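Novice: Could you work out the structure for the sequence below:
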Amino acid sequence: MNKLSKERRVQVVKALVEGNSINGIVRMNGVAKNTVLKLLADLGSACLDYQDVNLRNLNLRYLQCDEIWEFCYAKEKNVPAEHKGEFGYGDVWTWTAIDADTKLVPCWHVGGRDGENAWDFIANLRSRLANRVQLTTDGHKAYLEAIEGAFGGEIDYATLIKVYGQAPVEGQRRYSPAECIATETKVIQGDPDKAHISTSYVERQNLTMRMSMRRFTRLTNAFSKKIENHMHAISLHFMYYNFARPHKTLSKPYPKTPAMAAGLTDYIWEIEEIVALFERARTINDTIAMALVEALPLQRLQSVDQ
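Specialist: You can find the predicted model right below:
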């Protein structure tokens, strides 16, 4: 890490957020693979911490939630017996929320697709909101109990279930999604505006994730091998998406990022500023570590040295 100049770190991060693979970045930039992974880990942690602190007290209106599938280490059917059922091996789901107006992603959660993970995700979402919202999800049953438990009666909630038909040509079924032939909406709680019962934006965000993170791209060998790197990549992606990437639907009267539309910042961040998050975190950690060392009694220091 220390061997890379700031300019080289910026180059690597630009390649990461634009969907390049780790090995591709190594070839393009002449940087060691371990160096790229170390930068991803350090910066991913810094991005997670920054967004955890700053994506709070949000005034949002029309939220949509969904889950996107990927696998880590190996596909579920190929996971070794000793790792069966262990988090980070096989199926991994990323739960995401997006605001239809600002396109801000206020939170996400990586885990399984069960009720416990639904609760963790929805409780996290609830803690970040400053007002009553309208929420739309698909028909996944895990949402129902989680949303009732986290929001109580303070939400306008509906589900939208898409009914799919068969792919038109037998040979295309593996590569082409089935055709949506109908939708079914159901009001679960409160009084949601029917015009805003939709999951279109969050499903489009799923595509953005697959296009922007090589490890999410289907039918490649770029899938995540370690769950920690998977989670770091997601944190970096949403930092870039929320703060540094102008959204096409927010271009008038001037280009804006989701964070700008949500009132979290008044300008488009540069990649250099995202890289600086890690440098700032490292400085703070070094200062804290030094203060702790100075506070230790002499005998404690001697035992540490031994």
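
Novice: Could you check the pLDDT of the nearest residue to residue 130 once chain neighbours are set aside?
Specialist: On the basis of C-beta to C-beta, 6 or more residues apart in numbering, the spatially nearest residue to residue 130 that is not a chain neighbour turns out to be residue 57, at 4.6 Å. Where you see a C-beta, it was placed from the backbone N, CA and C, and this is true even at glycine. In this prediction, residue 57 carries a pLDDT score of 97.

Novice: Show me the strands in this protein, by range?
Specialist: For the chain, strands defined by DSSP state E occupy the ranges 62-72, 90-99, 108-111, 134-137, 156-164, 180-189.

Novice: ok, and which of the ones you listed has the densest surroundings?
Specialist: Of all these, strand 134-137 carries the top mean neighbour count, a mean of 25, counting by mean count of other C-beta atoms under 10 Å.

Novice: partners of that one, with directions?
Specialist: Each strand paired with strand 134-137, and its direction, by DSSP bridges: strand 62-72 (parallel), strand 156-164 (parallel).

Novice: Keeping just the C-alphas, turn it into PDB.
Specialist: This file holds the C-alpha atoms of strand 134-137, laid out as PDB (Å, rounded to 0.1, in the frame of the first residue of the first chain):
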ATOM      1  CA  GLN A 134     -43.700   4.500   1.400                       C
ATOM      2  CA  LEU A 135     -42.000   1.100   0.800                       C
ATOM      3  CA  THR A 136     -42.400  -1.400  -2.000                       C
ATOM      4  CA  THR A 137     -40.900  -4.900  -2.100                       C
END
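
Novice: How far away from the center of its chain is that strand?
Specialist: Relative to the mean C-alpha coordinate of its chain, strand 134-137 is positioned 18 Å out (C-alpha atoms, centre = their mean, to the nearest Å).

Novice: what sits up against that strand?
Specialist: Strand 134-137 is contacted by residues 61-66, 143, 147, 155-160, 190, 192-193, 196-199 when judged by C-beta atoms under 8 Å, 6 or more residues apart in numbering.

Novice: now stretch 7-16, how far from the chain's geometric center?
Specialist: For stretch 7-16, the distance between its averaged C-alpha position and the chain's averaged C-alpha position is 20 Å (C-alpha atoms, centre = their mean).
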